[in-house]
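Asks: only geometry, no sequence info:
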């Protein structure tokens, strides 16, 4: 796999308010390998996504999208590369003043490359893929939590990215909603999309990913497959998989 088919961090350090979030962190997301970053709440998982997108600037180290190092570059200099990536935020992050259809087509309208008819066809196609085409003219306030997340996935798909980042996609959903999101992620992967998810939901992680990164106290403690993780003897990993009354994280 060439470096042009990956997103990565090299020796990255990041802190906020004097608290170290990441220290000498190396990370590699290869195209075609679906990965989950695991860790307790507040461990810095979402921060990794923001750093990979160039939304945050590291204290030191480098972030690459393909062959391009985006660290220190003005946003305008890596916008084209960043279009290879879409993100589904934890709360969906839909625009309340826009309809579902307008939300999904927003980026396409902004880019101005497609005709109105082509954008409308794309919007319907993506809404149909996630099973909410009937919500086309509704507003976010009229949707359930699960529907909002499916609309957010449709919006991410509209620009045909190579990579899709998911930030805690099943938080707050009932079992049916969780099943639907997992099913959608599996279908995306079958269509050739590479997914990166951050979560503390083990069931969702194991249902949708092949590789796992475990983040603890600013460092990567584990990287490997589900089988390797379940057989790991690292105390922090064991505690995360099967918490006890003497939790290491209290």
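Replies: Sure thing, it's come through. Since the model is a prediction, treat every value here as computed from it, not as a measurement.

Asks: was I right about residue 99 contacting residue 139?
Replies: Yes. Here residue 99 reaches residue 139: they are 5.9 Å apart, a contact under CB atoms under 8 Å. Using the backbone N, CA and C atoms, a C-beta is placed for each residue, glycine as well.

Asks: Tell me which residue is most central in this structure.
Replies: Nearest to the centroid of the C-alpha atoms of the chain, with distances taken as CA atoms, centre = their mean, sits residue 165, at 2.0 Å.

Asks: Which residues does it form beta bridges with?
Replies: Counting by DSSP bridges, residue 165 is bridged to residue 87, residue 196.

Asks: any idea where the strands of this structure begin and end?
Replies: 6-16, 19-30, 35-38, 60-65, 68-69, 85-88, 163-167, 194-199, 211-216, 219-224 (DSSP state E).

Asks: if I look at residue 160, how far off is residue 228?
Replies: From residue 160 across to residue 228, the span is 33 Å (CB to CB, to the nearest Å).

Asks: can you check residue 128 too?
Replies: Using CB to CB, residue 128 is found at 38 Å from residue 228.

Asks: Next: residue 131.
Replies: From residue 131 across to residue 228, the span is 34 Å (CB to CB).

Asks: For this structure, which segments are assigned as helices?
Replies: Under the criterion DSSP state H, the chain contains helices at 45-52, 79-82, 100-111, 116-130, 145-158, 175-190, 202-208, 226-230, 235-241.

Asks: buried ones in the fifth one?
Replies: Spelled out, it's helix 145-158. Going by neighbour count (16 or more other CB atoms under 10 Å), the buried part of helix 145-158 is 146-158.

Asks: Return the closest of the residues you listed with respect to residue 23.
Replies: Relative to residue 23, the closest of the buried residues of helix 145-158 is residue 156; by CB to CB it sits at 30.3 Å.

Asks: Apart from its chain neighbours, what residue comes closest to that closest one?
Replies: Among residues not flanking residue 156 along the chain, residue 86 sits closest, at 3.6 Å (CB to CB, 6 or more residues apart in numbering).

Asks: thought the one you found was touching residue 157?
Replies: Yes. With contacts counted by CB under 8 Å, residue 86 reaches residue 157, the gap being 7.3 Å.

Asks: circling back: reformat the strands of the chain as a markdown table; add distance to residue 115.
Replies: Listed next are these as a markdown table, based on distance: least, CB to CB, whole Å:
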| stretch | distance to residue 115 |
| --- | --- |
| strand 6-16 | 32 |
| strand 19-30 | 34 |
| strand 35-38 | 37 |
| strand 60-65 | 29 |
| strand 68-69 | 31 |
| strand 85-88 | 22 |
| strand 163-167 | 25 |
| strand 194-199 | 29 |
| strand 211-216 | 40 |
| strand 219-224 | 45 |
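
Asks: now these in TSV, with distance to residue 173 and mean pLDDT?
Replies: Putting those into TSV (distance: least, CB to CB, whole Å; pLDDT from 0 to 100) gives the following:
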stretch	distance to residue 173	mean pLDDT
strand 6-16	27	94
strand 19-30	25	93
strand 35-38	17	95
strand 60-65	30	96
strand 68-69	36	94
strand 85-88	13	92
strand 163-167	13	94
strand 194-199	12	94
strand 211-216	21	94
strand 219-224	27	93
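
Asks: Out of the ones you listed, the one nearest residue 106 is which?
Replies: Taking CB to CB, strand 85-88 is the member of these nearest to residue 106, at 12.1 Å.

Asks: Tell me how far residue 207 lies from residue 169.
Replies: 12 Å.

Asks: The two: which has the busier surroundings?
Replies: A count of neighbours by other CB atoms under 10 Å puts residue 169 above the other of residue 207 and residue 169, at 28 against 17.

Asks: separation between the residue lying closest to that one once chain neighbours are set aside and residue 145?
Replies: Nearest non-adjacent residue to residue 169, counting by CB to CB, 6+ apart: residue 181, 5.1 Å away. As judged by CB to CB, residue 181 and residue 145 stand 11 Å apart.

Asks: Appreciated, that's everything.
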